[in-house]
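[1] just to be clear, the model below is a prediction. Sequence and coordinates:
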Amino acid sequence: LEFLPKGNDDDKKFVIDVLGLIGDEKAGDDILKEIDKTENENVLLACQEALGNINYLPAIKKLLEQYSLNELYKPTIIEALGKIGSKEALDFMVEVYNDEDDLTRFSLIESLGLIGDERTFFFLLSQLNTVSGPIVWPIITALNELKNKFNFDIPFDETMKNALLETVLDADDKYKE
């Protein structure tokens with residue numbers, strides 16, 4: 001933390017990455033200050049990721065402010081919000097879901113699986129009726145996480161059967177599990 005203000009952008013990115021891996025919340029204020037100072041996208045992305053890794057709740061407002069500044073930031077911010085978890089973050093993710101591209105939706109769905117609630121469960125179920133292809137895979141995984149978290153029953157209709165078969169046959173191993 002003492003070195004952070006002294007380093008160049010490469011040093012700062014490295015230090016922020018390490019602080020995020022350490023996971024100590026006391027680094028949060030210093031990382032937030034760096035967000036306001038830096039103009040380097042790599043440092044900014046490192047800050048966003050680190051704030052999620054340390055579950056720094058006071059960062060939510062800043063992360064939400066940055067969301068629409070650059071397409072590059074969106075998946076990292078969504079992942080950070082999912083790690084931090086809050087009602088505000090959850091509401092935001094559901095709100096922006098329909099406006100995003102599939103890459104950002106992958107991050108959104110995975111984060112919804114982490115911090116979702118009953119409403120999120122039914123939202124994701126409804127998405128199975130409108131999507132196809134690889135985006136089905138994280139939806140199945142998120143539904144499973146929410147099912148386990150809240151002891152929900154998953155309807156076993158044709159849509160679900162097809163989604164499960166598609167995931168088991170075509171998905172990456174992490175989704176197949």
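    Great, that's in hand. Everything quoted here is computed from the prediction, not taken from an experiment.

[2] now the host helix or strand of S126, how far from the centre of its chain.
    Under the criterion of DSSP states H and E, S126 resides in helix 118-127. When distances are taken as C-alpha atoms, centre = their mean, to the nearest Å, helix 118-127 is centred 17 Å away from the chain's centroid.

[3] what does the average pLDDT come to for it?
    When pLDDT is averaged along helix 118-127, the result is 94.

[4] now what about the following helix or strand past it, what contacts it?
    Downstream of helix 118-127, the first helix or strand assigned by DSSP H and E is helix 136-150. Identification of contacts with helix 136-150 by C-beta atoms under 8 Å, 6 or more residues apart in numbering yields 106, 109-110, 112-114, 116-118, 120-121, 124-125, 127-128, 131, 152-154, 163-164, 166-167, 170-172, 174-175. Every residue, glycine included, has its C-beta placed from N, CA and C.

[5] and the next helix or strand after helix 136-150, what's buried?
    Counting by DSSP H and E, the element after helix 136-150 in chain order, helix or strand, is helix 158-170. Judged by neighbour count using 16 or more other C-beta atoms under 10 Å, the buried positions of helix 158-170 are A163, L164, E166, T167.

[6] pLDDT value on S132, please?
    With respect to pLDDT, S132 scores 87.

[7] packing partners for the lowest-mean-pLDDT helix or strand in the chain?
    Lowest on mean pLDDT, DSSP states H and E among the helices and strands of the chain sits helix 173-176, with a mean of 87. Where contact means 3 or more C-beta pairs under 8 Å, 6 or more residues apart in numbering; DSSP states H and E, helix 173-176 is packed against helix 136-150, helix 158-170.

[8] quickly, which of those helices bottoms out on average pLDDT?
    Among the helices and strands packed on helix 173-176, helix 158-170 carries the lowest mean pLDDT (a mean of 90).

[9] that one vs helix 118-127, what angle?
    Helix 158-170 and helix 118-127 meet at an angle of 80 degrees, taking axes from the mean of the first three to the mean of the last three C-alpha atoms, to 10 degrees as the criterion.

[10] okay, angle between helix 158-170 and helix 136-150 too, please.
    Relative orientation of helix 158-170 versus helix 136-150 (the same axes, to 10 degrees): 110 degrees.
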